[in-house]
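Asks: Any chance you can model this:
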Amino acid sequence: MVDTAVILAAGLGSRLKEHNQAKPKGFLEINGVPIIERSIKILKKNGIETIVIGTGFKSEFYEALADRFSHIVCVKNSEFAETGSFYTLYNLRTAVRGDFLLLESDLYYEERSIRVLQGLAKSDVILASGRTNSGDEVYIQTDDRGRLVNMSKKAEELGRISAELVGISRISKSLFDRICDWAGHNDIKKREYESVLVEMAGVHPIHVEKVEDLLWAEIDNLDHLERTVKLILPRIAEKEHERTD
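Replies: The predicted model follows:
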């Protein structure tokens with residue numbers, strides 16, 4: 001079990017149009033609760049004591065959140081408009097001192113996602129699911145031992161499709177140090193963190209933990225939002241109700 005989480009939250013979220021023109025994607029509300037606050041509650045419930053948020057667009061929203069929750073630390077990527085998600089992660093290198101869970105800010109997921117990763121003995125793990133048919137899938141290819149080989153939104157670029165990327169991972173300090181060392185010798189400004197994990201998988205084994213029936217959604221556009229509200233939210237609520245009965 002790890003006690004630190006890192007949330008990547010620097011993006012513009014331009015595909016959500018009027019729903020987030022004045023605020024970051026993490027503050028999109030579902031059932032009256034910002035999805036970032038829902039994540040914070042789940043993480044805290046499952047052993048996370050420190051949350052480091054990589055901010056950018058409308059960073060003041062996250063800074064106000066840190067004022068409310070003493071266990072939150074914000075680090076701004078001042079170049080968020082010109083850089084990819086990996087640059088935001090790399091920008092956190094002095095704020096992260098041990099193993100951590102890595103999450104994207106625009107996820108709506110069942111709590112089991114965190115419980116699974118916290119319960120594993122393995123250190124470097126990408127959480128994955130079965131097919132979601134969400135329309136914006138990132139497909140994962142693994143080897144016969146369940147280790148990461150490749151990831152892509154284009155299925156034809158992979159030798160086979162083993163699972164789908166959820167957007168929640170468990171990263172060891174040793175892997176992060178190795179990533180940061182690699183970053184110091186490469187052009188990283190436009191890189192997304194997923195592509196860097198694939199690059200590292202060639203020299204550092206990364207396990208893919210597939211939970212076939214995991215319920216989750218990434219909310220990047222209005223179709224994703226509608227799917228989350230109409231399909232994912234009620235199914236997660238039903239599962240949580242069954243678990244407490």
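
Asks: Quick one: the strands in this protein, in order.
Replies: 4-9, 29-30, 33-34, 50-55, 72-76, 100-104, 107-109, 125-129, 139-142, 148-152, 163-171, 207-211, 216-218 (DSSP state E).

Asks: looking at those, which is buried most?
Replies: Neighbour counts averaged per stretch over the strands of the chain are highest for strand 4-9, at a mean of 26; criterion: mean count of other CB atoms under 10 Å. Glycine gets a C-beta too; all of them are placed from N, C-alpha and C.

Asks: Tell me which other helices or strands the least confident helix or strand in the chain by mean pLDDT touches.
Replies: Ranked by mean pLDDT, DSSP states H and E, the helix or strand of the chain with the weakest confidence is helix 233-244, at a mean of 84. Where contact means 3 or more CB pairs under 8 Å, 6 or more residues apart in numbering; DSSP states H and E, helix 233-244 is packed against strand 107-109.

Asks: Counting by contacts, list what the strand it packs on packs against.
Replies: Under the contact definition 3+ CB pairs under 8 Å, 6+ apart, strand 107-109 sits against helix 35-45, strand 163-171, strand 216-218, helix 233-244.

Asks: For that strand, what does the pLDDT average out to?
Replies: Averaged over strand 107-109, pLDDT sits at 97.

Asks: Stretch 200-208 now?
Replies: Stretch 200-208 shows a mean pLDDT of 97.

Asks: Which positions in it come out as buried?
Replies: For stretch 200-208, a neighbour-count test (16 or more other CB atoms under 10 Å) marks 200-201, 204-208 as buried.

Asks: would TSV of those with distance to residue 149 be doable?
Replies: What follows is those, written out as TSV (distance: CB to CB, whole Å):
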residue	distance to residue 149
200	12
201	7
204	13
205	11
206	10
207	12
208	9
